[in-house]
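> Have a look; sequence and predicted model below, questions after that.
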Amino acid sequence: MSLEDRLKAHIEAHGPLTIAQYMSWCLHDPQAGYYATRPKLGESGDFITAPLVSQMFGELLGLWAAEAWSRMGRPARVILAEAGPGDGTLMSDALRAARLEPAFLAAADLYLIETSPVLMKAQAERLGVGPLAPRWVHALSQLPTDAPLILLANELLDCLPARQFVKTAKGWAERMVGLGLDGALAFGLAAQPVGDALTKALPDAEPGAVLEVSAAQQAFAAELAARIVAQGGAALLIDYGRDGPGPGDTLQALKGHRKVSPLESPGEADLTVHADFPAAADAARAAGAHASAILTQGEFLLRLGMGARTQALIAARPDRAQTLQRQLARLTAPDQMGSLFKVLAIHARAEPPPGFEDGR
């Protein structure tokens, strides 16, 4: 039975699903979920991430991690982890750049947080050899706690499920996935309003406005912050998302680099919502950690020296000048990935991590 047929049978037997529940089925169902069975990254896949745009992205994050370790006092052992490591490209590039600080690599124990068997295989092929071969865990809670933690997470928050609420004439109602009159999957609204908490939070919202709330994103930030408070360290979260609270319907499905209906072919497309960086930062602070200001990806990468790195590569390879300039623009230009993507650091020490020194 296909995932779509199982979803329909479940809805018929138990009632409509929240958007968060539907996302979880489509992404992580063991038999047919997108990440469990068929994630496709890169130009020939369904979507492309920053590490696949340019090696400079991962290299700069590797240098960021090494400098964060140095500012922590250069501990003799550190847990270097990546959550949602894709095909391993980011960490491969990060480790290559971090060779400039061999003491950091000597201190690092590498862990990858991954649930997809398909992606774990790709990561093993790219990273599974050498002196710093990774160990895999399925959850943040499975990482060791006996050393400081430096964690990287690129395009992880957007894959964590969110609920959606729609402003109606009678108040806020939750958006659900149920069955239409023709028996097909369809969006609808829960019969009962959700109360006045959202009305107080967004008193000026117009009818039709959509508010997304991701308990999973907040829980991840809170758990990560609690670990960093307990064991020391810093984390870097990079994703497309919002840097301020407010309404917006950002649920999307990507298949072959095209946006398709989220209800089309469940399990065969990547489903995402925008990362809610303000909520993640609030959750981290509530857990006792420091949370940085939210920077755009473009500003952050340029602060780390991507402009200078591009010019150095062009000097070494003039024949690649146009390609390198295109890569720089794609990652940092406001009309490409530079403004849509945001960056948040969660850290234990009051001193800000690299890239956030001026308090912004």
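Received, thanks.
> Name the spans of the chain whose pLDDT lies under the cut-off.
42-46, 129-130, 195-197, 359-360 (pLDDT under 70).
> all strands for the stretch 101-250 of the chain, in order.
108-113, 135-137, 149-154, 163-168, 171-179, 185-189, 210-213, 233-242 (DSSP state E, counting those that start in this stretch).
> Can you lay out the ones you listed as a markdown table showing mean neighbour count?
(C-beta placed from N, C-alpha, C; glycine too.) A markdown table is the format used below for those (neighbours: other CB atoms under 10 Å):
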| stretch | mean neighbour count |
| --- | --- |
| strand 108-113 | 20 |
| strand 135-137 | 15 |
| strand 149-154 | 24 |
| strand 163-168 | 20 |
| strand 171-179 | 19 |
| strand 185-189 | 17 |
| strand 210-213 | 20 |
| strand 233-242 | 25 |
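> Any chance of the ones you listed in JSON lines with distance to residue 270 as columns?
Below are the strands of the stretch 101-250 of the chain laid out as JSON lines (distance: least, CB to CB, whole Å):
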{"stretch": "strand 108-113", "distance to residue 270": "18"}
{"stretch": "strand 135-137", "distance to residue 270": "21"}
{"stretch": "strand 149-154", "distance to residue 270": "15"}
{"stretch": "strand 163-168", "distance to residue 270": "18"}
{"stretch": "strand 171-179", "distance to residue 270": "17"}
{"stretch": "strand 185-189", "distance to residue 270": "17"}
{"stretch": "strand 210-213", "distance to residue 270": "17"}
{"stretch": "strand 233-242", "distance to residue 270": "13"}
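> how much space is there between residue 279 and residue 151?
Residue 279 is 19 Å from residue 151, where distance means CB to CB, to the nearest Å.
> all helices for the stretch 51-200 of the chain, in order.
55-71, 89-98, 102-107, 117-127, 197-201 (DSSP state H, counting those that start in this stretch).
> Show me what the shortest one is packed against.
When contacts are defined as 3 or more CB pairs under 8 Å, 6 or more residues apart in numbering; DSSP states H and E, helix 197-201 sits against strand 171-179.
> Check the secondary structure at the closest residue to residue 298 other than its chain neighbours for me.
Distance criterion CB to CB, 6 or more residues apart in numbering; nearest residue to residue 298, sequence neighbours excluded, is residue 338 at 2.8 Å. Secondary structure state of residue 338, per DSSP: H, G, I helix; E, B strand; the rest coil, is helix.
> Quick check, residue 338 in contact with residue 331.
Yes: Residue 338 lies in contact with residue 331 (CB atoms under 8 Å); the separation is 6.7 Å.
> what residues do these two have in common as contacts?
297-298, 301 (CB atoms under 8 Å, 6 or more residues apart in numbering).
> If you rank the residues you listed by neighbours, which is first?
residue 301 (28 neighbours; other CB atoms under 10 Å).
> tell me which element it falls in.
Using DSSP states H and E, residue 301 falls within helix 297-303.
> Spit out the contact partners of the residue nearest the centre of the chain.
Taking CA atoms, centre = their mean as the criterion, residue 156 is the residue nearest the geometric centre of the chain, at 2.1 Å. Shown in contact with residue 156 (CB under 8 Å, 6+ apart): 83-84, 220, 237, 239.
> residues contacting residue 212?
162-165, 248-251, 273-274, 276.
> Correction: the previous question concerned residue 105.
Shown in contact with residue 105 (CB under 8 Å, 6+ apart): 95, 98-99, 131-132.
> Repeat the analysis, applying 6 Å as the threshold.
residue 98 (CB atoms under 6 Å, 6 or more residues apart in numbering).
> From residue 144, how far off is it?
Relative to residue 144, and taking CB to CB, residue 105 is found at 17 Å.
> Please name the bridge partners of the residue nearest to residue 153 when sequence neighbours are not counted.
Nearest residue to residue 153, sequence neighbours excluded (CB to CB, 6+ apart): residue 83, at 4.2 Å. Per DSSP bridges, the residues bridged to residue 83 are residue 113.
> unless I'm mixing things up, residue 345 is touching residue 353, no?
Yes: Residue 345 is within contact range of residue 353, at 4.8 Å (criterion: CB atoms under 6 Å).
> For the two, work out which one has more neighbours and name it.
residue 345 (26 against 23).
> Using the three-state scheme, assign the more buried one.
Taking three-state DSSP, the label given to residue 345 is strand.
> tell me the contacts of it?
Applying CB under 6 Å, 6+ apart, the residues near residue 345 are 236, 292, 353, 356.
> how about 10 Å then?
64, 68, 234-238, 281, 284, 289-295, 300, 352-356 (CB atoms under 10 Å, 6 or more residues apart in numbering).
> Alright, I will stop here.
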